[in-house]
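Trainee: No letters, just coordinates:
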């Protein structure tokens, strides 16, 4: 039996019975090494190899040529700027909708709360490719919106609905709504309703209650939502490829094109690592902001 | 204009408020008036037609067991619930369906409901800031009320860094800083331990006197209500059973329920013999006679009744009292309580009785067969209807 009063002895005893605790870490650490660290290291090595037309890498020692090419070529610089613009705009839209939805779910839905939450999870579980095709049907030249407009008397279909930057932003914003809603909803659900009643009693109307009580107290959930949404938004490539056209070409599409179509592993992996760096920076910033928000007073 | 006039103003206040839509605030009007207020939830009637005024600078309590409608009434005063029918007037102005943030009332919540992400200062400043006061005015108000609750040194702390009693004071200061016409308090001392609760009772009374704001205090604790209140409304099943000063409620309760809910009451079954002028003669089952100076109703001779005597108003005798008015009692267990001894006993007809006897008046040693006699001052005895599970008693 393990005695609470004698932790040291019990620890020794357990060690004698079951061996050193480190042996239980072998499996998880091994899996992490084999499945994540090793391939990443390999990709890092490839990104530092000289470019080659025929194989993964050319002859010669390690070099930063691939990174230099990415940072100096106008095309790639443009892709980075476009990606940042699309990801940031989509994040803002997704958050605005997600926070609104979370508020309705947490405070207004009453009996509809559970059914709505279930719908949200279902929407989240639909494969991205299905969702993107659905959008093509909605936004396309012969799509639902354009044929509707035609019936209203507008003869020229609006091409810009599909294969544009706006199309990518619309599709991405909607796709990520569940990721933004659920953590914010969880944070709002934890707010004691008497706090809102007391703010109401002290003279606060709806907007004041929202900005002074609900949003500050839901801040940790909002920052989790930002991390959950912003990072995948940057690396998204299915939606940009299928509805983006040239205006919606994002860094994820560029990586997939370079590696799969051009066989240019050097530039593809260099782009991947710059994306990783960017998202790591975004995650660190969100984490830092969340801590500040929690520590400071409103 | 405190206790005694408060009862007197009820009638006249009602007539001045005959027009609920009257323009603006009436400085003569009571702080708050409830006119036939009813609240019906899905299936249950929570408040069933309540009418009373809360006068200015009054400490008013709503007292009753849980489910009696006192909290629902308070939430209607605050604006969190809308009455199904009836009117609520605040300083003579019909509050109608005004939301809480447009009412001149503020509520101290049972769990304090302090904003956890704000400092004590920001919590107290929350109300004044909503009124778009200047920074200097907000600051002066916050300092004033933190001083009132004696927490001026804690303004930079967060609520979680304070004790329960201190949080309670912050909640009080925050509600007072809005300078309400009426401060509503929902069992605010429930979560505190006994000694702190007693200390806060004096504090609340002091703060009410200092600020001159009317307090409406909801509690199920009769001691709290008796200690602090100018007037008490005892509620049961959604109606006010008795509304009066603490002394009046204790000594001359209007109903059997009030008699039993407030303090301890001996209710002796008896029959009314004669009801002449100022006093009532009664006869007990064993043929003994007794007298009571007052009654809660107009008893007819020959009907059954209950004679109420508080435990501390009973005198013990070793022999039958000379007046011939007294009851034989068989003494039971005694409990020493410091200043008094609590004696239990049984009357001839089996009615249990409780007496509080001063230490020097108790029998020492006790009578051999535990038998003695009790008497009482008729001025301290009070006649109530017979206990009969609500049905009428028409004994000949």
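Mentor: Perfect, thanks for sending it. Bear in mind the structure is a predicted one, so any value in this text is a computation, not a measurement.
Trainee: Could you use CA atoms for every contact and neighbour count after this?
Mentor: Fine.
Trainee: In the stretch 101-250 of chain A, what residue comes closest to chain B?
Mentor: Across the stretch 101-250 of chain A, the shortest distance to chain B (CA to the nearest CA) belongs to residue A:203, at 3.9 Å.
Trainee: quick one: contacts for that residue?
Mentor: Contacts of residue A:203 were listed using CA atoms under 8 Å, 6 or more residues apart in numbering or on different chains, and they are B:100, B:101, B:102, B:127, B:130, B:131.
Trainee: in the chain, which helix or strand is least confident?
Mentor: Using chain A here. Lowest mean confidence among the helices and strands of chain A (mean pLDDT, DSSP states H and E): helix A:7-18, at a mean of 67.
Trainee: Just send the contacts of residue A:203 back as JSON lines, with distance to chain A, secondary structure and pLDDT too.
Mentor: Compiled in JSON lines, the contacts of residue A:203 are given as follows (distance: CA to the nearest CA, whole Å; DSSP: H, G, I helix; E, B strand; the rest coil; pLDDT from 0 to 100):
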{"residue": "B:100", "distance to chain A": "5", "secondary structure": "helix", "pLDDT": "92"}
{"residue": "B:101", "distance to chain A": "4", "secondary structure": "helix", "pLDDT": "91"}
{"residue": "B:102", "distance to chain A": "7", "secondary structure": "helix", "pLDDT": "90"}
{"residue": "B:127", "distance to chain A": "5", "secondary structure": "helix", "pLDDT": "95"}
{"residue": "B:130", "distance to chain A": "6", "secondary structure": "helix", "pLDDT": "94"}
{"residue": "B:131", "distance to chain A": "8", "secondary structure": "coil", "pLDDT": "92"}
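Trainee: Rebuild those as a markdown table, extending it with distance to residue A:198 and neighbour count.
Mentor: As requested, the contacts of residue A:203 are exported to a markdown table (distance: CA to CA, whole Å; neighbours: other CA atoms under 10 Å in any protein chain shown):
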| residue | distance to residue A:198 | neighbour count |
| --- | --- | --- |
| B:100 | 9 | 27 |
| B:101 | 9 | 23 |
| B:102 | 13 | 17 |
| B:127 | 10 | 28 |
| B:130 | 13 | 17 |
| B:131 | 15 | 13 |
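Trainee: for chain B, what are the nearby residues on the stretch 51-200 of chain A?
Mentor: Along the stretch 51-200 of chain A, the residues adjacent to chain B under the rule CA under 8 Å from any CA of the partner chain are A:192, A:194, A:195, A:197, A:198, A:199, A:200.
Trainee: what's around the fourth one, how many residues?
Mentor: Think residue A:197. Residue A:197: 18 surrounding residues under other CA atoms under 10 Å in any protein chain shown.
Trainee: What distance do you get for it to residue B:74?
Mentor: Using CA to CA, to the nearest Å, we find residue A:197 at a distance of 14 Å from residue B:74.
Trainee: where do the helices sit along the stretch 51-200 of chain A?
Mentor: Listed in chain order, the helices of the stretch 51-200 of chain A (DSSP state H, counting those that start in this stretch) span A:65-72, A:74-103, A:113-125, A:128-139, A:144-151, A:165-175, A:177-189, A:193-201.
Trainee: quick one: contacts of the last one?
Mentor: Helix A:193-201 has contacts (CA under 8 Å, 6+ apart) with A:206, A:209, A:213, B:78, B:80, B:100-101, B:103, B:105-107, B:109, B:113-115, B:126.
Trainee: Try it again at 6 Å.
Mentor: The contact list for helix A:193-201, computed with CA atoms under 6 Å, 6 or more residues apart in numbering or on different chains, reads B:100, B:101, B:106, B:113.
Trainee: Return the residues of the stretch 151-300 of chain B in contact with chain A.
Mentor: Where proximity means CA under 6 Å from any CA of the partner chain, the stretch 151-300 of chain B presents no interface facing chain A.
Trainee: ok, now with 8 Å
Mentor: B:175, B:178.
Trainee: got the residue ranges for the strands in the stretch 151-300 of chain B?
Mentor: Taking DSSP state E, counting those that start in this stretch as the test, the strands found in the stretch 151-300 of chain B are B:182-186, B:214-219, B:231-236, B:239-244, B:266-276, B:279-283, B:289-292, B:294-295.
Trainee: Can you lay out those as a markdown table showing mean neighbour count?
Mentor: As requested, those are exported to a markdown table (neighbours: other CA atoms under 10 Å in any protein chain shown):
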| stretch | mean neighbour count |
| --- | --- |
| strand B:182-186 | 24 |
| strand B:214-219 | 26 |
| strand B:231-236 | 25 |
| strand B:239-244 | 20 |
| strand B:266-276 | 20 |
| strand B:279-283 | 21 |
| strand B:289-292 | 22 |
| strand B:294-295 | 20 |
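Trainee: Now do stretch B:226-246: distance to the chain's middle.
Mentor: In terms of CA atoms, centre = their mean, to the nearest Å, the centre of stretch B:226-246 is found 4 Å from the chain centre.
Trainee: Sweet, I'm off.
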